[in-house]
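Q: The following comprises the amino acid sequence and a computationally predicted model.
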Amino acid sequence: METATLPWKHRLLIALLSTLADASRRSDATINRRLFSLTDRKAPAIPTSVHALSSSDVTVHAARNLWFRLFIPSSSAASLPVIVYFHGGAFAFFAADSAPYDAVCRLLCRSLNAVVVSVNYRLAPEHRYPAQYDDGVDVLKFLDQNGAVLPRSADVSKCFLAGDSAGANLAHHVAVRVSKEGLRTVNVIGLVSVQPFFGGEERTQSEIELTRVPIISVDRCDWHWKAFLPNGLGRDHESVNVSGPNAVDISGLDYPNTIVFMGGLDPLRDWQRKYYEWLRKSGKMAELIDYPNAIHAFYLFPDLPETSFFVSQVKEFMIKQMSNVN
């Protein structure tokens, strides 16, 4: 899928979003939040069942604005899996109530018949590494200790971590920390990693060649890593280059089985493949799905064919992992 083959409405939306995001990023690695808010449309929670689900917002830590949006399907099933979802946005943009991510989580909730917990974590550069990872872990611990906030049908022994782009990076690091620290009732049995936002000091072939694609570029990624990392840390830090020279050894951890999604028109695809290969070399079960014509963030557009393929393959992955638990 070259850029020109995208439907006009998608091309216009991407152009508007990219223009405002670029204008919002200042040279001193700060963000003009007011400017970006012009395109960051918010969606309210809907407590009554609409389109086969309901949603509500749950506070975890008011002082640091840590909360999640809870999506509950209108299902008679006695036991529903729980998906803890981390939104994308290069650690700097969007929120759990941003309209595109509210829509993504609604799609997952309905299509997968799962309870979805969409985490609203702190953003960079106002809050740098490891704030986002701390927030993700704290939500897991909150669910572990406060199961009553979930519907009775929610089965936390069948919990999945999921995220896209920066959210997939976050999900990986949360999985590592939870594997080390352990939880009492929540059992993470799978990880859905959608076009994870990883990088490093070197330039990969896909970063060099894919310079005329939508959404992301090397320059944009470099800016966001600078905004995310504390001063003095480079892109080979373990948070960025997870499979690189400073990688954490996960070979002895009970790291969840993982499915990784890549796109052929995503400059980050080589880093995503490195991640998949590193998981396998570390002795972990990992599956790689590559959509040759997909741009970065394709899943935000429900009418693209890759989005329906993606949902179907996530469903297959979840069913397989749950069958291993039962």
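A: The structure has been received and is ready for your questions.

Q: mind listing the helices for the stretch 151-300 of the chain?
A: With helices called from DSSP state H, counting those that start in this stretch, the stretch 151-300 of the chain shows them at 166-181, 205-209, 218-228, 269-281.

Q: Output those as CSV; include the columns mean pLDDT, mean neighbour count and distance to V119.
A: C-beta coordinates here come from the backbone N, C-alpha and C atoms, glycine included. Written out in CSV, the entries for the helices of the stretch 151-300 of the chain read as follows (pLDDT from 0 to 100; neighbours: other Cβ atoms under 10 Å; distance: least, Cβ to Cβ, whole Å):
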stretch, mean pLDDT, mean neighbour count, distance to V119
helix 166-181, 98, 22, 8
helix 205-209, 97, 14, 28
helix 218-228, 97, 19, 17
helix 269-281, 98, 19, 21
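
Q: and F309, what element?
A: In this assignment (DSSP states H and E), F309 forms part of helix 305-325.

Q: whoops, I mixed them up, S75
A: Per DSSP H and E, there is no helix or strand for S75.

Q: isn't it right next to A154, touching?
A: No: when contacts are counted by Cβ atoms under 8 Å, S75 is not listed as touching A154 (10.8 Å).

Q: Looking at these two, which one has more neighbours?
A: Under the criterion of other Cβ atoms under 10 Å, the comparison of S75 against A154 puts A154 first, with 20 against 16.

Q: which ones are touching that one?
A: Residues counted as contacts of A154 (Cβ atoms under 8 Å, 6 or more residues apart in numbering) are L80, V82, V115, G147.

Q: make it 10 Å
A: Going by Cβ atoms under 10 Å, 6 or more residues apart in numbering, A154 touches L70, I72, S79, L80, P81, V82, A114, V115, V117, L143, G147.

Q: what's the answer for D290, then?
A: Contacts of D290 (Cβ under 10 Å, 6+ apart): V260, F261, M262, G263, G264, D266, R269, Q272, R273, Y276.

Q: Between which two of those residues is the distance greatest?
A: G264 and Y276 (15.1 Å; Cβ to Cβ).

Q: thinking again about what came up before, what do S75 and A154 both touch?
A: Overlap between the neighbourhoods of S75 and A154 consists of A114, V115, taking contacts as Cβ under 10 Å, 6+ apart.

Q: where does the residue at the greatest distance from the centre of the chain land on pLDDT?
A: What lies farthest from the middle of the chain is S76; by Cα atoms, centre = their mean that is 28.1 Å. On the pLDDT scale, S76 is placed at 75.

Q: got the contact list for it?
A: S153.

Q: And it, how close does it get to P47?
A: Distance, S76 to P47, using Cβ to Cβ, to the nearest Å: 19 Å.

Q: now I14
A: I14 sits 32 Å away from P47, going by Cβ to Cβ.

Q: Please apply the same query to F142.
A: Counting by Cβ to Cβ - F142 and P47 are separated by 20 Å.

Q: the more surrounded of the two?
A: F142 (20 against 11).

Q: buried set for stretch 189-205?
A: By neighbour count on 16 or more other Cβ atoms under 10 Å, the buried set for stretch 189-205 is 189-200, 204.

Q: farthest-separated two in these?
A: I189 and T204 (31.2 Å).

Q: Identify the residues contacting D97.
A: D97 makes contacts with 40-45, 55, 57, 67, 69, 87, 118, 120, as judged by Cβ under 10 Å, 6+ apart.

Q: one more time with 6 Å
A: K42, A43 (Cβ atoms under 6 Å, 6 or more residues apart in numbering).

Q: same question, the one 4 residues further on
A: Residues touching Y101, when contacts are defined by Cβ under 6 Å, 6+ apart, comprise H87.

Q: what about V139, how many neighbours?
A: The burial count assigned to V139 is 24, neighbours taken as other Cβ under 10 Å.

Q: That one - nearest residue in space that isn't next to it in sequence?
A: V119 (5.1 Å; Cβ to Cβ, 6 or more residues apart in numbering).

Q: now D40
A: S98 (5.6 Å).

Q: likewise A45?
A: Nearest residue to A45, sequence neighbours excluded (Cβ to Cβ, 6+ apart): S55, at 4.5 Å.

Q: Could you count how many residues lie near that neighbour?
A: If we define neighbours as other Cβ under 10 Å, then S55 has 23 of them.

Q: ok, it - contacts?
A: A45, I46, R69, F71.

Q: Then R69?
A: Applying Cβ under 6 Å, 6+ apart, we find R69 in contact with S55, D57, A96, S118.

Q: Check the secondary structure at it for me.
A: Applying DSSP: H, G, I helix; E, B strand; the rest coil to R69 yields a three-state assignment of strand.

Q: so what's the backbone phi/psi at P7?
A: Dihedral angles of P7 (phi, psi; degrees, to the nearest 10) stand at phi -60, psi 150.
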